[in-house]
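Student: model this:
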Amino acid sequence: MVIFLAIPALMPPEFQLNPGSSLSSLNISTSLVTARWKIALSIKNPSKLIPVKYSHMKLRLSFDGRLALSRSSLIPTFTQGPGNVTTVRAEALSMMGIVNDLDVKGLVSSLKSGVVTIDVVVRAKRRLHLGPWWVPVFDAYASCMDVTFTAPIDGEDGADWMILGGTLSCTLDIFTQL
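Tutor: Numbers count the residues shown, from 1 in each chain. Sure, this is the predicted structure:
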């Protein structure tokens, strides 16, 4: 019985950022930076037999690995069938005062240049459907590092910034903390 539980518990899910993720409503004033980040994340259940339930899922965005761009965004609980790929969406709002902070000044400089690189970290509790029970297994932590967003071409006012490149496939990491 222990081997039966251990094998699916150790099958890691696959996390990937969707290219449809975007940055919108960007506003840089003399005292404040505001932005709306729309993140789409695809998650694949590697098991061909066992459904998985994800809960308490949090998404965190940061600039340069140190500056939190917003509070952690919560993603609603969902259940995923065997072998399925599910796309979940989260929105994060940034509102930061422009002060004598090198990280905030670096962010503002990147945004004004038309290209900004961020890190996306996801944490979720997982449960496997085994018989009549939902059995808790290892939490899933995934890091999508150096995701680059670029400003709209030809200065289209009001258009969303889109993902230009970076790591769209996320790395599973058991040491990441939100």
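Student: quick one: least confident helix or strand in the protein?
Tutor: helix 2-9 (a mean of 49; mean pLDDT, DSSP states H and E).
Student: Which is the succeeding secondary structure element to it?
Tutor: Sequence-wise, the next helix or strand downstream of helix 2-9 (DSSP states H and E) is strand 14-17.
Student: Leaving out chain neighbours, which residue sits closest to Leu69?
Tutor: Of all residues not flanking Leu69 in the chain, Leu61 sits nearest, at 4.2 Å (C-beta to C-beta, 6 or more residues apart in numbering). To be clear about C-beta, it is placed using only N, CA and C from the backbone, and glycine gets the same treatment.
Student: The residue lying closest to Asp160 once chain neighbours are set aside bridge partners, please.
Tutor: Counting by C-beta to C-beta, 6+ apart, Asp160 lies nearest to Ser22, which is 4.0 Å off, once chain neighbours are set aside. Ser22 has these beta-bridge partners by DSSP bridges: Lys38, Met162.
Student: which ones are touching Ser22?
Tutor: Counting by C-beta atoms under 8 Å, 6 or more residues apart in numbering, Ser22 makes contact with 37-38, 149, 160-163.
Student: before we move on, what SS does the residue nearest to Leu69 have?
Tutor: strand (DSSP: H, G, I helix; E, B strand; the rest coil).
Student: go on, Leu107?
Tutor: helix.
Student: Mind pulling up the pLDDT for the nearest residue to it once chain neighbours are set aside?
Tutor: Leaving aside its chain neighbours, Leu107 sits nearest to Phe63 (4.8 Å; criterion: C-beta to C-beta, 6+ apart). pLDDT for Phe63: 95.
Student: For Phe63, list the residues it contacts.
Tutor: Contacts of Phe63 (C-beta under 8 Å, 6+ apart): 69, 103, 106-107, 110, 116-119.
Student: Over to Ser21?
Tutor: By C-beta under 8 Å, 6+ apart, the neighbours of Ser21 are 37-40, 147, 162-163.
Student: Leu168 versus that one, what's the distance?
Tutor: For Ser21, the distance to Leu168 (C-beta to C-beta, to the nearest Å) stands at 9 Å.
Student: overlap in contacts of these two?
Tutor: Common neighbours of Ser21 and Leu168 (C-beta under 8 Å, 6+ apart) are Val147.
Student: May I have the secondary structure class of Asp103?
Tutor: Once three-state DSSP is applied, Asp103 turns out helix.
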